[in-house]
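Asks: Take this sequence and fold it.
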Amino acid sequence: MGWRGEKLNNKMKKTIIVTTAALMVLAVSCGQSKKNNGEQTPLPAMETTEQTKVESHVVYAVGFETLASGRQVATLWIDGEPMRLADEELDSDANSVFVTDDNTIYVAGEIDVVATLWKINENEITSLTLEKPKRYYSELKEAYLNTGSAAYSVFVIPTGDVYLSGTSDIDAVVWTVSGTKITRQTLSRIENFDAASAHSIYVTAAGNFYAAGYQRNYDRQWFASLWKNGEMYILTEAEQTANAHDVHVTNEDIVYVAGDAVISDKQVAVTWKNQKIEPLTCSSDETSACANAVFVTDNGDVYAAGYEINKEWNFTAVVWKNNKKQILLNDGERTRAESVYVTEQGDVYVAGYKGKTAALWKNENLQLLTNGSNMAIARCVFVK
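Replies: This next block holds a predicted model:
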C-alpha cells in the first residue's frame, strides 16, 4: 500500500471545552528550598473549572509502528490520528517533526536505510542521498559492514530552507534543502575516527546551525560532540564515554545539550550548558539514566526528558525541570521518554513508549497511540 495522507484535515485550528479535571503539571513552587538529593519533587495540582474555554493545541508526533508482517513503518500522529508515511513493503522510520507557522509539516527519517524528508502537506518525499545501501568488506575491521543513511532531526527556518542532521555511511552529516537543491556537509572528525552521527540540529535566527551527536574512535570510546556550522567541539572529558542526543539554543549563544555520560563507572543523565556538564538527579546510586531531549522555555526553565534504569534493567520514563526529577509512569511496565515540548502556557508534552505501545504524555496524563499488539515508539513531539 502506498503513502496515505487522508488524515490531514481541519484539526489545525479548533477550540475545545475543558470539563472539571485536576491536571498535574511538571513544576516546582518558587518557595521550595528542598535539597537536590535525587528525591522526587512534590507536584502542585492545576485545577480547571467546568466550561472553561481554552484554545486547543494541535499535537504532532512521529515514530514507527511494527506491522503484523514484521515490517516497521514510519508513522505521523496528528492529535492521535495515525498516518503511515511509507509503503508497507519496506522498513521505514520517522525520527523528527517540525511544523512551520503556515502549518506545513516536515518529517525526517529513513526509508530502506536511505535518509528521507517528507513534506506532508504537498505529498513530497525526498531521498537525501542518491547512493543505495550496500554491504562491503572492511580490511581494517576484518568484517562486513553496511552502508546507509538516516535523518534524525529536522529544523525549518523562515525562508523555507530545511536543515536536517543525521548519518551517512560512517559520517555525521547535515543536509540543507533549499527548493530542489540538496547540499550535504560532512561534519569534522576526531583523530582515530571510527564512526559518528548527528542526532539533533537547531538553527538560530542569525543562521548559525548547531548539531549534537557522538563520535566513536577505534578504541570504542564514545565522544559527546557539538558542531557549530560544522566546527567541532568535544563535550566529553578526558577518558570519559558520553553521548549527546539533543540540542537547544537560546539568545543565539546559550547552548544546551542533553545526553548521558559515564561518571564513576555509572551511566548518568546529563545536560551541558555552553559545554559545562551538569549531572541530573537520579533515584538512587544503583540507578542509571539518560537524557534524550532538552527544551528551554522563554523564561529560562530547562526541561530534559529520558529514562532511568534500575538494577533489574527496567526502564522508567522521566522528566527533569531545572534538574528536579518527575517520574512519568512506573507501573512495572517499561517506559521511555524520547522527546519533550513545552507550550507557552506551561503544558509539558512528552513522546515515548510504554511496553510495546507508542505513547504521549501531557502533564503526566498518558495517551496510548497504538494498541500494543506490536512494537511502536513515538520518537518526537511538536505542538502548535
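
Asks: do you know how far the residue nearest the centre of the chain is from Val97?
Replies: Against the mean C-alpha coordinate of the chain, by CA atoms, centre = their mean, the closest residue is Ser339 at 4.2 Å. Look at Ser339 and Val97: by CB to CB, to the nearest Å, they are 9 Å apart. Every C-beta, even on glycine, is put in place using the N, C-alpha and C of the backbone.

Asks: so what sits against both of the two?
Replies: Shared contacts of Ser339 and Val97 (CB atoms under 8 Å, 6 or more residues apart in numbering): 380-381.

Asks: in which helix or strand would I find the residue nearest to the centre of the chain?
Replies: Ser339 is located in strand 335-342, with elements delineated by DSSP states H and E.

Asks: Tell me the strands beside that strand, with direction?
Replies: Strand 335-342 has the following sheet partners, assigned by DSSP bridges: strand 348-354 (antiparallel).

Asks: tell me which residues in the partner strand are buried?
Replies: 348-354 (16 or more other CB atoms under 10 Å).

Asks: Which SSE is immediately downstream of it?
Replies: strand 357-362.

Asks: For that following strand, enumerate the helices and strands it packs against.
Replies: Helices and strands touching strand 357-362, by 3 or more CB pairs under 8 Å, 6 or more residues apart in numbering; DSSP states H and E, are strand 59-66, strand 72-78, strand 348-354, strand 365-368, strand 376-383.

Asks: quick one: that strand to strand 59-66, angle?
Replies: 170 degrees (axes from the mean of the first three to the mean of the last three CA atoms, to 10 degrees).

Asks: tell me the mean pLDDT for the helix or strand harbouring Val270?
Replies: Val270 is part of strand 266-273, with elements assigned from DSSP H and E. In this model, strand 266-273 has a mean pLDDT of 96.

Asks: Next secondary structure after that strand?
Replies: strand 276-279.

Asks: For that next one, list every residue counted as buried.
Replies: Neighbour-count burial for strand 276-279 flags 277, 279 (criterion: 16+ other CB under 10 Å).

Asks: Mind checking the helices and strands packed on strand 357-362 for the one nearest to Gln326?
Replies: strand 348-354 (9.1 Å; CB to CB).

Asks: what does the closest one contact?
Replies: With CB under 8 Å, 6+ apart as the criterion, strand 348-354 contacts 25-26, 59, 61, 63, 303, 305, 307, 317, 319, 321, 328-329, 333-343, 358-363, 366, 368, 376-381, 383.

Asks: let's see it at 6 Å
Replies: Strand 348-354 is contacted by residues 26, 61, 305, 317, 333, 335-342, 359-363, 377-378, 380-381, 383 when judged by CB atoms under 6 Å, 6 or more residues apart in numbering.

Asks: My read is that Thr370 contacts Ala376, right?
Replies: Yes - counting by CB atoms under 6 Å, Ala376 is a contact partner of Thr370 at 4.2 Å.

Asks: which residues are common contacts for these two?
Replies: With contacts defined as CB under 6 Å, 6+ apart, the residues shared by Thr370 and Ala376 are 65, 358.

Asks: residue ranges with poor pLDDT in the stretch 101-250 of the chain?
Replies: 130-146 (pLDDT under 70).

Asks: 50 instead?
Replies: Judged against pLDDT under 50, the stretch 101-250 of the chain has no low-scoring part.

Asks: I appreciate the help and will end here.
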